[in-house]
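Trainee: one predicted model, sequence on top.
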Amino acid sequence: MLTELYVSRSCEFCAELRDELDDDGRDFVEYDVDADPAARARLLALTGGSSLVPVLVEDGRIVQTGVRGRGCYVGPG
């Protein structure tokens, strides 16, 4: 299973979810949508245009957005 995490470096909730995944020993690929325009485009395609992060994706499907109802909106690239 491919697990992807879309984040913004300035979002504290992204760091929180990253830490949870690390603590659980889960392997994932992380994409910083602030630094990677292609990752931002994939995020927007996956979410139908929403720029709320973090977004956790497994095998191409969103399984979690935000952390316990909290997240950060990223500005335009």
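Mentor: Sure thing, it's come through.

Trainee: ok, how many other residues are close to the closest residue in space to L52 that isn't next to it in sequence?
Mentor: Sequence neighbours aside, G71 is the residue nearest to L52 in space, at 4.6 Å (criterion: CB to CB, 6 or more residues apart in numbering). Placement of C-beta: from N, CA and C, glycine included. Neighbourhood size, G71 [other CB atoms under 10 Å]: 22.

Trainee: what's the answer for A41, then?
Mentor: 12.

Trainee: checking it next. Helix, strand or coil?
Mentor: Secondary structure, DSSP: H, G, I helix; E, B strand; the rest coil: A41 is helix.

Trainee: can you count the residues close to M1?
Mentor: Around M1 there are 7 other residues, counting by other CB under 10 Å.

Trainee: sorry, wrong one. I was asking about S50.
Mentor: So S50, with other CB under 10 Å, has 14 neighbours.
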